[in-house]
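Predicted structure and sequence below. I'll ask about it afterward.
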Amino acid sequence: MKKISVGASVACLVLAANVYAAEPKDGGAINVVVQPEPPSLMIGMYSNGTTQQVGGNIFEGLLRYDKELNPHPLLAKSWENSEDGKTWTFHLEKDVLWHDGKPFTSADVVFSVDKMLRKTNARLRTSLEFVESISAPDDYTVVFKLNKPFGPFIRLFEVGTMPMYPKHIYAGTDYKINPANQHPIGTGPFKFVEWKKGSYIHLTKNDHYHVSGLPHINDLYWHVIPDAASRAVAFETGKIDVLPGGSVENFDVPRLTELDNTCVTTDGWEFFSPHSLLWLNNRQGPMADKRFRQAVMYAMDREFAKNVLWNGFGKVANGPVGSKTKFYDKSLPNYEYDPAKAKKLLKEMGYDGTPVRLLPMPYGETWQRWAEVVKQNLEEVGIKTKMVSTDVAGWNQKVADWDYDISFTYLYQYGDPALGVSRNYISSNISKGSSWNNVEGYENAQVDKLFAEAAVAFPDSKRQELYSKVQRQLVEDVPVAWLMELEFPTIYNCKVQNLIDSGIGINDAFGTAWIKQ
Amino acid sequence: MNLQTLLYIGGRLIKGVIILLIIAVFNFFLIRAAPGDPAKVMAGEAGATDEVFLQQLREQFGLDQPLYYQLWVYISNLLHFDMGMSYRQNIPVFDLIMDRLPATLLLTGTAFLLSIALGVLAGVIASVNYKKWVDSLITILSLIFYATPLFWLAIMASLFFSVYLGWLPGFGMETVGVELSGWDRVIDIALHLVLPATTLGLFFTAVYARMTRTSMIETSRLDFVKTAIAKGMTPSRVTRKHVLRNALLPVITLAGIQAGQLIGGAVLTETVFAWPGIGRLMFEALFQRDYNLLLGVFFISSAMVVLFNLITDVIYCVVDPRIELSK
Amino acid sequence: MNIIKTLSQNKVAMVGFFVLAIFCLIAAFGPLLYDGSPWKMVQRPFLPPFENSNYLLGTDTLGRDVLAGLIYGTRISLLVGLVSTLIALLIGIPLGAYAGYFGGWVDELLMRFTEIFQTVPSFALAIVIVAIFEPSVYSITSAIAIVSWPPVARLVRGEFMSLRSQEYVLAAKLNGQTHRNIIMREILPNSLSPIIVLASLMVATAILLESSLSFLGLGDPEIMSWGYMIGAAKTVVRQAWWLSFIPGLAIALTVLSLNLLGEGLNEALNPKMSGKREN
């Protein structure tokens, strides 16, 4: 058994090797699109994508993750795990100041994780059940004691999952309505200046940032531009330097990337690895039959969707775990596009032409077009499909109430099957009223057991074995119809250097970015 | 202005307040009929949540209370001039609206004045030159602008003047990131205003032009106009004194309606041009089920309509003395 | 008879009439001639018009036949436009007529009722209605009708208010004619011309409104309409301008022909304008 000690000695924030030989220059402003306007900048309280994008530059977690999802020091300069995998000790950076000038200490960590995040972050709350105690032996040391060697623990310290909040501001208050939420105080490279609702959010350089020499940028403007075409225009006219992934319509991507001085990257989504799929309501109608679900997989031309709708970005998904997520099994079989096979399966099960309702995702043109493609695919093998149209609220209502037959969705994987995958398949996660759990109603005791064991198995090789098993089982059962591992290209003006620098991409990009003059 | 008129206006205002309350109740129920609630939306956008979080949100918003109680709270707050808090933004609704209102009033006000001035002028010119080429040109142009989808025109205009020619800014109300003040700022805003105000105004310009033209032509055939001409009045004097005055009646009706829609009428334009106004605020509030915010926007625009209906009737009376204001 | 004769002499109106008639024919029989779903992906995406004789107007973002979409869209666009306007007129004319004619508390009551509908910003009200009942042809048509009738009521009321003090109305009253008769026979015909102009504009507005709703993502997902086509093409307007241009042209043509016909009707219907009254 290898020794589990993953300390890092140098406080090195730049994760990837800097491919630009040029010396980073200080100064300048970067204009970024933020779409949609976030409800709040309180990362960890709101997990909305844009809350993370902006908030991730104000707040910080203890660690950062590179594109292979390996942890790197940030607020914690080093850490170690005990032999049994149950005690984690973190050593904090000294001389870190909150934006209001107060020092950052272990008390803030204990408060953030044990008090505040337990209340405000649903996703973390589930993982914290493995944490027995959190203690601070001194001002710069924090010890987490686990009740089991929870495998994905080291991947919980990302800023969107476990951001650090200032105890001196939040302790003893109602976190949700603390006035500081409107003027967030973090430790990050940028300080909040102003949020002109409906227009822009302005952040400015944190002069007392704990990593010396950073950030390079003086000002960061996040612009709210509600129309996709206008966002594209804004980029073309040079008013916008960075279009985060998903902020322009996919149809605009090829044209924009061909513009002069325009760079594009699909990096920076490794941690999330958005996995798109169709929830098939296993409880009712033809979807209750495994052969129908398999037929859906064979009926869909997912390569077409990838090439036409996603500009060839991304990868057709062949199972529940994304290929960039830990413990992905490369040897899984794939469902090829095979309408004949689909028809055969439908005939075999005696599908009587019962119409199924298809719920598209209300997130814009691409998703609508995708639903149209899938509908056409399904109709061509003889599945009668009725498209239901609805908005975000209606979609959530229907999905949460199980009032659907087939519904589009996509789920983040958060780097580890125990964090982002199992939630969609284990039967204990079937609960009406939420749209992000086991909505399809798949129940399989074997799968439940495998996921439960894999989460706390030790070491990783044991976890891999269990996860491979469960992946095979799921691919055979098709509880949901997997579509694609999505890639959202970030499009930016090439003058912006060293932009995507971690596995969460734009969410903590600007601390290290600089502008080539 | 005599006492009778003042009494009339006072009475109308009282009735207006009652109407506004009825509307608030009506809107309250209308919006609640939509599927989903703000907690669902916020949780849904968040991508991960559980029932605990939803319940926390609902408690925080007061949505766990019975509906009649929520209505009572809302109406009684409204009577104290309190429109509540925006669920999503955690800011008083009034502040949010006041933050956005100037932008919308600037945009729609400009478009309104532009369309009335241009439209009536074009309509008069066309009718005076009835069946001549000027008339045909104005008619054709107004038909074209009338027939073109507004959002399409907006995108095209933005493409052409902003991207292709690079003459005008294509989105936003101000250049962000540059601190401007005084006249520089005014000019900057004015430049940003050109495209949205023009596209928004063109549609109504076409409507006014058609309305004025038709109405002018009709009125000029009326007996009293013929009488005036027979009495030896010059045609231009007849046009000004009699025809225009009477022909403007339908135009005034329409203007009253348009003025009432000043706040809410610019959703599309504001969307395409990213104009930080209230139309978009309303659209977003709607999809986020931000009930208080949506009701607040509706309330403010309701107040505008009540006000403008009154103004329309008063102007109507001034223009056409045959109409009595009150009994 | 007189009306049709007058109308048929108006060349511009006849152009409008014929264009509209062609659209109506397409709406009625087009789908019969063109079998197959307009949603079917038949060719490579973004095929420009006039390049492939099988798909004369090219294909859209997913490779669907634009011409097929146009043909199927004609039906629904016209239907939404006409039906919603009809409903709006059926609500608006009686309300406006009674309010304007009787005045007093009737006027008060009806106008307060109208005000409620006018107070909510109309486009937003339409959006709310469509959102609540979920986007479908029915919810869209109803929403358009519900937001379109107040202007009719107000216009009719204005006309009635101004006409009810006219000599011929007073004369009719003195003759002991019933209110119903006076409204239907004396005042309504004399206020028809602005109503017709407004109605022709309203059909057009309804078609535009439907496309605006689609633009914002509130179209009926089961039905191919011009509004949907523009909405779906808006994001690619710069790569493939024709995808929004073609259905836009169809809309513009329909609206234009409606207006021409409306104006022709106006001239034919209105005795004061036809110049035949003196004869």
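Perfect, I can see it now.

residues touching residue A:413, list them.
A:272, A:273, A:274, A:275, A:321, A:322, A:324, A:325, A:419, A:420, A:421 (Cβ atoms under 8 Å, 6 or more residues apart in numbering or on different chains). Where C-beta positions appear, they are placed from N, C-alpha and C, glycine not excepted.

residues contacting the third one?
Listed by Cβ under 8 Å, 6+ apart, the contact set of residue A:274 reads A:410, A:411, A:412, A:413, A:485, A:486, A:488.

Check what pLDDT it gets.
Looking at residue A:274, its pLDDT is 91.

Leaving out the residues flanking it, which one is nearest to it?
The shortest distance from residue A:274 to any non-neighbouring residue, by Cβ to Cβ, 6 or more residues apart in numbering or on different chains, is to residue A:486 (4.3 Å).

what helix or strand is residue 304 on?
Looking at chain A here, since you left the chain open. helix A:302-304 (DSSP states H and E).

that's the other chain; I wanted chain B
helix B:291-319.

Find the nearest non-adjacent residue to whichever residue of the stretch 1-150 of chain C sits closest to chain A, please.
Here the stretch 1-150 of chain C gets closest to chain A at one residue, residue C:135, 4.2 Å apart by Cβ to the nearest Cβ. Once flanking residues are discounted, residue C:135 sits nearest to residue A:389: 4.2 Å by Cβ to Cβ, 6+ apart.

Could you count how many residues lie near the one you found?
23 (other Cβ atoms under 10 Å in any protein chain shown).

I'd assumed residue C:214 was in contact with it.
No. Between residue A:389 and residue C:214 no contact is recorded; they are 10.5 Å apart, counting by Cβ atoms under 8 Å.

Now residue B:85: phi and psi?
The phi/psi pair for residue B:85 (degrees, to the nearest 10) reads phi -110, psi 150.

and residue B:216, what is it in contact with?
B:123, B:124, B:127, B:128, B:239, B:243, B:244, B:247.

repeat that for 6 Å
B:127, B:243, B:247 (Cβ atoms under 6 Å, 6 or more residues apart in numbering or on different chains).

What sits closest to it if chain neighbours are left out?
Residue B:216's closest residue in space is residue B:127 (Cβ to Cβ, 6+ apart), at 3.6 Å.

which residues does the one you found contact?
B:213, B:216, B:217.

Flag the shaky bits of chain B, pLDDT-wise.
When residues are selected by pLDDT under 70, those of chain B lie in B:1, B:44-50, B:175-179, B:224-225, B:241-242, B:260-265, B:319-327.

State the three-state secondary structure for the closest residue to residue A:473 other than its chain neighbours.
Leaving aside its chain neighbours, residue A:473 sits nearest to residue A:447 (5.7 Å; criterion: Cβ to Cβ, 6+ apart). With DSSP: H, G, I helix; E, B strand; the rest coil as the basis, residue A:447 sits in helix.

I'd like to check which residues are in contact with residue A:447.
Here residue A:447 is in contact with A:425, A:470, A:473 (Cβ under 6 Å, 6+ apart).

Quick check: the gap between residue A:244 and residue A:66.
19 Å (Cβ to Cβ, to the nearest Å).

of the two, who's got more company?
residue A:244 (25 against 15).

Would you enumerate the residues in contact with that one?
A:53, A:490, A:506.

Which one of those residues is nearest to chain C?
Nearest member of these to chain C, counting by Cβ to the nearest Cβ, is residue A:490, at 18.6 Å.

Next, work out how far apart whichever residue of the stretch 151-300 of chain A sits closest to chain C and chain B are.
Residue nearest to chain C within the stretch 151-300 of chain A (Cβ to the nearest Cβ): residue A:249, separated by 3.9 Å. Taking Cβ to the nearest Cβ, to the nearest Å as the measure, residue A:249 falls 13 Å from chain B.

do residue C:73 as well
14 Å.

okay but that residue is in contact with residue C:226, surely?
Yes. Residue C:73 lies in contact with residue C:226 (Cβ atoms under 6 Å); the separation is 4.4 Å.

Tell me if the helix holding residue B:304 is near chain A.
No. Counting by Cβ under 6 Å from any Cβ of the partner chain, no contacts exist between helix B:291-319 and chain A, the nearest distance being 10.8 Å.

mind listing what's buried in that helix?
The neighbour-count check on helix B:291-319 (16 or more other Cβ atoms under 10 Å in any protein chain shown) flags B:291-306, B:308-314, B:316-317 as buried.

One more: stretch A:446-461?
For stretch A:446-461, the neighbour count (16+ other Cβ under 10 Å) marks A:447, A:448, A:450, A:451, A:453, A:454, A:455, A:456, A:457, A:458 as buried.

Name the nearest of those residues relative to residue C:268.
residue A:447 (75.1 Å; Cβ to Cβ).

Narrow the contacts of residue A:413 to those in helices?
With helices defined by DSSP state H, the entries of the contacts of residue A:413 inside them are A:419, A:420.

Of the contacts of residue A:413, which is the nearest to residue C:155?
Using Cβ to Cβ, the contacts of residue A:413 come closest to residue C:155 at residue A:274, 52.6 Å.

Just want to check the distance between the closest one and residue A:317.
10 Å.

go on, residue C:207?
41 Å.

Surely residue A:483 is in contact with residue A:279?
No. With contacts counted by Cβ under 6 Å, residue A:483 stays clear of residue A:279, the gap being 11.0 Å.

between the two, which one's more packed in?
residue A:279 (26 against 23).

Name every strand pairing with the host helix or strand of that one and say which way it goes.
Using DSSP H and E, residue A:279 maps to strand A:275-280. Sheet pairing for strand A:275-280, assigned by DSSP bridges, gives strand A:406-411 (antiparallel), strand A:480-485 (antiparallel).

now those as TSV including mean pLDDT?
Shown next, in TSV, are these (pLDDT from 0 to 100):
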stretch	mean pLDDT
strand A:406-411	92
strand A:480-485	95
